[in-house]
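Colleague: okay, predicted coordinates and the sequence, questions at the end:
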Amino acid sequence: MASSLLDHLLARIVDSGLLDDPVAENGLIYGRATIDAAGAVVTVNVDPELEDDEETLDDDALLEAITRILSVSETRWRAVIDEVADDIDEAVDDEPVLEQIDLRDDLEATSVVVFADAVLIAFDAPKQFPDSRILVQLDDDLEVANIEVRDRTEVETVEVDDIDDLLDRLSGDDR
């Protein structure tokens, strides 16, 4: 049932023209689009968070969430960038950074994950944080809910008991 819901959502996204060349794969829909206020072309991943036994999907909420982030006003986008830069600047305080430039000028949106009630934006900051990725979660009003700086080299190690446990983890059945 989940795959037909995903196919229906993909058809709606194709019809909307919101994403360039969208495809459905592994329970997600991927495509490219431009966040006008950022002047950035990003990869957009739409995650309907489908469970195998689900029979309905709120396509409208997901389409609205995609539209909301892609058409965010320049004022709202600037407020997000300012909050991210201020929070990170405050967190790193006197820690040395690679280059002394304003983080606002270094942040580059690279991808977006859209959920019905939230959006996760990934930023690169190649001059100040070349080995990190900055993840910013926005709520459905595009207010900053969480900011996280992740080291790109971190690898999570997971121990499994057997091949079935590994397959469960890979398929998401054990999360």
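Modeller: Good, I have the coordinates.
Colleague: where does this protein dip in pLDDT?
Modeller: The model of the chain has pLDDT under 70 over residues 1-2, 52-54, 93-100, 154-175.
Colleague: now the closest residue to residue 108 other than its chain neighbours: which helix or strand?
Modeller: Excluding its sequence neighbours, the residue lying closest to residue 108 (C-beta to C-beta, 6 or more residues apart in numbering) is residue 124, at 4.9 Å. (Each C-beta comes from the backbone N, C-alpha and C, glycine too.) Per DSSP states H and E, residue 124 falls inside strand 118-125.
Colleague: neighbouring strands - and their directions - for that strand?
Modeller: Using DSSP bridges, the strands paired with strand 118-125 are strand 108-114 (antiparallel), strand 129-139 (antiparallel).
Colleague: got the contact list for that strand?
Modeller: For strand 118-125, contacts defined as C-beta atoms under 8 Å, 6 or more residues apart in numbering pick out 42, 65, 68-69, 80, 84, 103, 106-113, 132-140, 142, 145.
Colleague: rerun that using 7 Å as the cut-off
Modeller: Here strand 118-125 makes contact (C-beta atoms under 7 Å, 6 or more residues apart in numbering) with 65, 69, 103, 106-113, 133-140, 145.
Colleague: next one: stretch 44-59
Modeller: For stretch 44-59, contacts defined as C-beta under 7 Å, 6+ apart pick out 1-2, 5-6, 8-9, 12-13, 19, 27-33, 62, 66, 111-116.
Colleague: tell me which of those fall in strands.
Modeller: In strands, defined here by DSSP state E, the members of the contacts of stretch 44-59 are 28, 29, 30, 31, 32, 33, 111, 112, 113, 114.
Colleague: report the buried members of those residues.
Modeller: Buried members of the ones in strands among the contacts of stretch 44-59, scored by 16 or more other C-beta atoms under 10 Å, are 28, 29, 30, 31, 33, 111, 112, 113, 114.
Colleague: good, we can wrap up now.
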